[in-house]
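> Need a 3D model of the sequence below.
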Amino acid sequence: MTKKRTFEAALKELEEIVKQMESGDLCLEDAVKKYESGMKQSKYCLDLLDKTEKKISLLTKDNDGNVKEVPFKD
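Coordinates of the predicted model:
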């Protein structure tokens, strides 16, 4: 069974990649590999945020000023 990766785990990995790249200790080849990996982590996080945003319900007021919940429409 494949364990689903969490947003927090992907973000932590991305932060570690950024630290490594900012250190200046990587050779060009390793820096490019880290960059590619970081871009994958970034895309995963952005995609997950986008999917989550679409699941969120919008709170709106009706004509009488009452707050009601309306599902988010694509």
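> and the closest residue to residue 68 other than its chain neighbours, how far is that from residue 39?
In space, not counting the residues next to it along the chain, residue 68 is nearest to residue 62; the distance is 5.5 Å by Cβ to Cβ, 6 or more residues apart in numbering. (Glycine included, C-beta is placed from N, CA and C.) For residue 62, the distance to residue 39 (Cβ to Cβ, to the nearest Å) stands at 44 Å.
> which of those two has more neighbours?
residue 39 (12 against 9; other Cβ atoms under 10 Å).
> Quick check: which helices or strands does the helix or strand where that one lies pack against?
Following DSSP states H and E, the helix or strand that holds residue 39 is helix 28-55. When contacts are defined as 3 or more Cβ pairs under 8 Å, 6 or more residues apart in numbering; DSSP states H and E, helix 28-55 sits against helix 7-23.
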